[in-house]
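Engineer: A predicted structure for the sequence below; I have some questions about it.
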Amino acid sequence: MKAVILVGGKATRLHPLTANLPKAMVPVLNTPFLEHVIRHLSRHGITEIVLSLGHLAEPVEAYFKDGSGFGVKLKYVLEDSPRGTAGGIKNVEKLLDGTFIALNGDVFTDLDISVMIDFHRQKKALATIALARADDPTHYGVIETDAESRILSFREKPAAGEATGNMVNIGTYVLEPEALAQIMSRTEVSIERQTFPQLLTQGKPLYAYASSAYWLDIGTPDKYLKLQADIMSPDLSGLDIFNPAQSVRVGQDSNVSPSAQITGPVLIGSGCFIGNRVQLVGPLTIGDGCNISAESVIENSVIWTGAWIGPRVCVKNSIVADHCYFQANSVVEEAVLGDNVTVCEGSHITPGSRIASGTVVERTA
Ligand code: GDD
Ligand code: MG
């Protein structure tokens with residue numbers, strides 16, 4: 001069975017991280033997010049995958065190439081203008097044959113896709129949508145079903161009080177080719193707001209596969225930090241991405257001072273230098289080629305590659321994109337920094353800040 005992954009969204013809620021990088025390439029435990037999604041599909045025997053791309057496609061193609069390095073066969077289809085979630089699938093129709101999987105490319109899940117495919121076949125569905133619980137359904141597509149799991153209604157991002165429950169669409173579909181028949185080619189169409197409701201009105205067999213799977217949409221910085229914490233926790237150790245029994249992992253050619261204090265879970269990339277009396281407190285990921293100077297404290301954060309962190313710097317609950325430079329005694333809390341940001345000596349970035357790529361943050365008096 002083939003799969004199509006939708007990776008064409010603009011990801012504005014993750015700016016400035018996604019100003020120059022597609023959401024699919026945002027690193028999670030030093031691995032591009034999409035690689036986790038592809039490996040999950042391949043664990044379920046799905047190895048022929050089409051990526052439906054729009055905005056910022058080049059870094060994705062440059063990294064994954066033909067997929068052979070990841071044990072899969074990848075094809076790329078680029079949109080000249082955004083087609084929406086249904087249009088993005090319609091656009092790759094010619095590369096699909098028979099029943100297929102479609103996925104939102106920004107959702108991490110351990111959903112048992114093999115069982116979902118069996119469920120779809122058993123129900124003789126035209127479309128099966130995976131559901132799971134959401135604490136706040138207003139950010140998602142809320143779906144109501146009958147006792148046989150047949151879908152009764154869709155409400156995309158309902159207002160508070162209008163949600164009919166908290167089982168939501170987690171962005172994994174099993175679809176028959178006929179589900180695409182009515183989508184107009186070369187137009188922007190939403191599968192959640194247009195295609196599925198239209199098929200429902202026509203009485204087509206749409207089913208929901210409800211599960212208690214872990215799932216998380218990395219759409220916002222808070223969720224991105226939460227995903228890192230969750231993957232590093234014992235709860236998701238079955239996925240074999242991070243082994244909590246080895247809660248501090250140091251990459252090749254990295255040098256950690258014996259006086260550094262490290263409280264896992266912490267993942268340090270390759271070619272890093274961790275100086276004297278540095279304190280690292282997990283959940284924390286440090287990308288390749290980072291330098292952390294003496295007595296700095298880094299806690300519950302994601303630091304991408306090539307950061308140069310001077311002495312006595314404090315970074316907490318933050319996300320730091322590639323090649324940022326922190327001068328001595330600077331403090332960054334609950335912030336998101338784009339690429340190549342310079343934080344000047346003694347400056348303090350306050351909670352909630354989002355600093356655009358290339359900014360020089362001066363010390364305020
Ligand atoms: N190719 C292509 N073209 N892909 C697109 C386009 C497009 O025009 N627009 C969005 N996508 C991709 C995004 O990159 C993402 O991977 C996926 O489609 C879903 O788009 P989002 O913009 O992230 O949607 P959402 O998170 O607000 O809502 C969707 O996901 C929720 C679960 O996280 C909906 O499917 C909801 O119903 C669902 O609950
Ligand atoms: Mg999303």
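Structural biologist: Sure thing, it's come through. Numbering: from 1, shown residues only. Ligands and ions are numbered 1, 2, ... in the order given.
Engineer: I'd like to check what contacts stretch 238-255. Which residues are they?
Structural biologist: With contact meaning CB atoms under 8 Å, 6 or more residues apart in numbering, stretch 238-255 is reached by 29-30, 36, 110, 231-234, 236-237, 256, 262, 264-274, 282, 288. Any C-beta I mention is one placed from the backbone N, CA and C, and that applies to glycine too.
Engineer: wait, I meant stretch 93-105
Structural biologist: 1-7, 9, 23-24, 33-34, 37, 41, 46, 50-51, 75, 77, 85, 89, 113, 117, 120-121, 170-177, 180, 191, 217.
Engineer: Select from these every entry located in strands.
Structural biologist: 2-7, 50-51, 75, 77, 170-175, 217 (DSSP state E).
Engineer: Make a PyMOL selection of the buried ones in the residues you listed.
Structural biologist: Restricted to buried positions by 16 or more other CB atoms under 10 Å, the PyMOL selection for the ones in strands among the contacts of stretch 93-105 reads:
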select buried, resi 2+3+4+5+6+7+50+51+77+170+171+172+173+174+175+217
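Engineer: What remains of the contacts of stretch 238-255 if I keep only buried residues?
Structural biologist: Buried subset of the contacts of stretch 238-255 (neighbour count, 16+ other CB under 10 Å): 29-30, 36, 231-232, 236, 256, 262, 264-269, 271-274, 282, 288.
Engineer: and those, which of them are in helices?
Structural biologist: Using DSSP state H, His36, Ile231 are the members of these that sit in helices.
Engineer: Got the phi and psi for the closest residue to ligand 1 within the stretch 101-250 of the chain?
Structural biologist: Proximity to ligand 1, evaluated over the stretch 101-250 of the chain using CB to the nearest ligand atom, is greatest for Gly141 at 2.4 Å. Main-chain dihedrals, Gly141, degrees, to the nearest 10: phi -90, psi 110.
Engineer: Next, the contact list for the closest residue to it other than its chain neighbours, please.
Structural biologist: Take Gly141 and drop its neighbours on the chain: the residue closest to it by CB to CB, 6 or more residues apart in numbering is Asn169, 3.7 Å away. Residues in contact with Asn169 (CB under 8 Å, 6+ apart) are Ile129, Ala130, Leu131, Tyr140, Gly141, Val142, Ile143, Glu192.
Engineer: again, only using 6 Å
Structural biologist: Ile129, Gly141, Ile143 (CB atoms under 6 Å, 6 or more residues apart in numbering).
Engineer: need the contact list for Phe154.
Structural biologist: Residues in contact with Phe154 (CB under 6 Å, 6+ apart) are Ile143, Phe196, Pro197.
Engineer: if you look at the residues you listed, which of them are in strands?
Structural biologist: Using DSSP E, the subset of those located in strands is Ile143.
Engineer: can you put the contacts of Phe154 in CSV and add distance to ligand 1, neighbour count and pLDDT?
Structural biologist: Output for these, formatted as CSV (distance: CB to the nearest ligand atom, whole Å; neighbours: other CB atoms under 10 Å; pLDDT from 0 to 100):
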residue, distance to ligand 1, neighbour count, pLDDT
Ile143, 8, 25, 97
Phe196, 9, 25, 98
Pro197, 12, 18, 98
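Engineer: So which of the contacts of stretch 93-105 reach ligand 1?
Structural biologist: Leu6, Val7, Gly9, Thr85, Ile170, Gly171, Asp217 (CB under 6 Å from any ligand atom).
Engineer: Thr359 versus the third one, what's the distance?
Structural biologist: Taking CB to CB, to the nearest Å as the measure, Gly9 falls 25 Å from Thr359.
Engineer: Looking at these two, which is more packed in?
Structural biologist: Between Gly9 and Thr359, Gly9 has the larger neighbour count (other CB atoms under 10 Å), namely 22 against 15.
Engineer: I'd say Val77 and Val92 touch.
Structural biologist: Yes. Taking CB atoms under 6 Å as the definition, Val77 is a contact partner of Val92 at 4.6 Å.
Engineer: Now do the shared contacts for the two.
Structural biologist: Taking CB under 6 Å, 6+ apart as the contact rule, Val77 and Val92 both touch Ser52.
Engineer: Give me the nearest residue to Ile46, chain neighbours excluded.
Structural biologist: Ala3 (4.9 Å).
Engineer: Fine, thanks again, bye for now.
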